[in-house]
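**Student:** let's see this in three dimensions:
(chains A and B)
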Amino acid sequence: MTHTPIVELLSSDSIHQEFTVKGWVRSFRANQFVALNDGSTINNLQCVVDFENTDPALLKRITVGAAVAITGTLEESQGGGQRVEIKVKEVEIEGDADPEELKKTILSPKRHTLEKLREQAHLRVRTNTFGAIMRLRSKLSFAIHEYFNKNGYYHAHTPIITGSDAEGAGEMFRVSALDPENPPRKEDGTIDYSKDFFGKETNLTVSGQLEGETYALGLGKIYTFGPTFRAENSNTSRHLAEFWMVEPEMAFCDLDGNMDLAEDFIKYVINYALENCQDDLAFLEERQTKEDQSKPAAERAAMPLREKLHFIVDNNFKRVSYTEAIDILRNSKPNKKKKFKYPINEWGADLQSEHERFLVEKHFKCPVILFDYPANIKAFYMRLNEDGKTVRAMDVLFPGIGEMVGGSQREERLDVLKEKMAALDISEEELSWYLDTRKFGTCTHSGFGLGFERLVLFVTGMTNIRDVIPYPRFPGHAEF
RNA sequence: UCCUCAAUAGCUCAGUUGGUUAGAGCAUCUGACUGUUAAUCAGAGGGUCCUAAGUUCGAGUCUUAGUUGAGGAGCCA
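**Tutor:** Purely as a prediction, here's the structure:
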């Protein structure tokens, strides 16, 4: 038996025609009105049961959470809450949901905290909030692929298991097939990884950048979009141990081109969400507005969700060099009044979150791209400027999120790159394949990494990154 | 990893100065009602007060340690 997605029926004009719908009961009011949701949209379809001519035993099984198949005709609704509804001819229960058991879960029809929903991540997708978030997540993922495909980028699948331990982006998770109780050992007692599956030590990737660079220097413009793993002991609402990262890399592109791409790309995917996820965004906006009513004024969102997204799409990101930013911060009120925990005194200091927040949320009140950072606080592969002390790095900072994007123009000069690696004690042998790109036809090239979950955070207006990925992984947590 | 705060019914919370049988709303169940929209009305059931130790005649309440959660910081995307 075929069935029709609820999202289609809600905008259908096929009045009096018969349809079958399948979904989960969200509520059953007055022994008569089934609010049915099938995940195709946030909106429920009202199905009106003729309770006087229906087996009471069957009616009793129409409970919140149950999976049902309903056949009936599409009619204009007599009630005020919806345009159309189904006049039920037949109800079939596919899966019962015992109310006494269900009331112990977050499926019970009442408000739940996000923390409680997180504990039952396998059920939370059936709530309005998480249905909306996860539909948006899916649409944003599609928009990312669409953007790059439309603009001549190739999708490169960089490895998830990496044999390189010099990616330099953080602590790594080891991948091994050795028996942890009894690993093979060398004569000196250390573990003999030459006996391991790959014949060497391997890890989960912390970034596809280095491999991405090699592909950009052959395919021209590429992007990667895949899972990334960091074994950092980070316990914040902005970090995950397993997250998805978008990393474009472009040959013959300098830092300005890189910043142009980051801005254009972010605007495109946000605009895609605005145009294609209106119902879900409207719901999340209302949810945020309600939440804000119970918060002190200072913690409330500056503007409603969709207005905020439009503002991003319609306005230019502010581009500021690190040196200019330091000047702004040094002369800022909080710095003069000693409100910063880490006062800004001289050039060269690494910016703390409080400084980034001040620039983005107080001073410019829009996304900010900071560029040309001091060389000594950035990674070895970033291109050294003529001044000899700054590198062509850039960070895109977003209000409420912090660093959405981190990128740079890459150091294409072999001798300069080798010098920096030597200074940081990075093995040339280990990265010989990477250095080959600089030996054979090296060229100006740039790229960046965008944390996908941080983008989803911003677009949904959520505040904890653990709520925008189906099964969050963070220290002490790998349930499900 | 560090700092701050919290943990009481399925959920959200109240619980006075340490004192009798730990309460409310929602949810669930039973009945009534039947064009409802967080349905409504009446009634019922439901508790390892996070764990352990301690102080005390007596601990949900005080002390210590631990566990878990939240917010902030660092690391970053």
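
**Student:** what does the stretch 101-250 of chain A put close to RNA strand B?
**Tutor:** The stretch 101-250 of chain A has residues A:102-105, A:108-113, A:115-116, A:118, A:169-170, A:207, A:230, A:232-241, A:243, A:245 near RNA strand B, with proximity defined as CB under 7 Å from any atom of the strand. (Glycine included, C-beta is placed from N, CA and C.)

**Student:** please spell out the ChimeraX selection for the buried subset of those.
**Tutor:** Burial among these is assessed by 16 or more other CB atoms under 10 Å; the matching ChimeraX selection reads:
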select /A:102,105,112,118,169,207,230,238,239,240,241,243,245
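
**Student:** can you list the neighbours in contact with stretch A:265-282?
**Tutor:** A:41-43, A:131-133, A:135-136, A:139-140, A:142-144, A:146-147, A:248, A:305-306, A:309-310, A:312-313, A:367, A:396, A:404-405, A:450, A:455, A:458-459 (CB atoms under 8 Å, 6 or more residues apart in numbering).

**Student:** list the buried residues of it.
**Tutor:** Buried-residue list, stretch A:265-282, by 16+ other CB under 10 Å: A:265-274, A:277, A:280-281.

**Student:** just these now: which is nearest RNA strand B?
**Tutor:** A:Ile266 (11.0 Å; CB to the nearest atom of the strand).

**Student:** how close does the closest one sit to A:Phe317?
**Tutor:** 8 Å (CB to CB, to the nearest Å).

**Student:** for those two, list the residues in contact with both.
**Tutor:** A:Pro367, A:Val396.

**Student:** just the closest residue of the stretch 1-150 of chain A to RNA strand B, please.
**Tutor:** Closest point on the stretch 1-150 of chain A to RNA strand B, by CB to the nearest atom of the strand, is A:Gly79, at 1.9 Å.

**Student:** list the contacts of that residue.
**Tutor:** A:Gly79 neighbours (CB under 8 Å, 6+ apart): A:Phe33, A:Gln46, A:Glu85.

**Student:** mark which of these are part of helices, please.
**Tutor:** Of the contacts of A:Gly79, none are assigned to helices by DSSP state H.

**Student:** low pLDDT regions in the stretch 301-450 of chain A?
**Tutor:** Scanning the stretch 301-450 of chain A for pLDDT under 70 picks out no residues.

**Student:** show me where it has its helices.
**Tutor:** A:305-314, A:322-330, A:333-336, A:353-357, A:414-423, A:432-439 (DSSP state H, counting those that start in this stretch).

**Student:** what pLDDT is listed against A:Ala166?
**Tutor:** Listed pLDDT for A:Ala166 reads 60.

**Student:** need the max-distance pair from the buried residues of stretch A:265-282.
**Tutor:** Within the buried residues of stretch A:265-282, A:Phe265 and A:Asp280 form the most distant pair, 21.5 Å apart (CB to CB).

**Student:** tally up the residues packed near A:Thr71, please.
**Tutor:** 18 (other CB atoms under 10 Å).

**Student:** please name the residues that touch it.
**Tutor:** A:Glu18, A:Phe19, A:Thr20, A:Val88, A:Lys89, A:Glu90, A:Glu92.

**Student:** using ChimeraX, define a selection of the buried residues within those residues.
**Tutor:** Here is the ChimeraX command that selects the buried residues among the contacts of A:Thr71 (16+ other CB under 10 Å):
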select /A:19,20,88
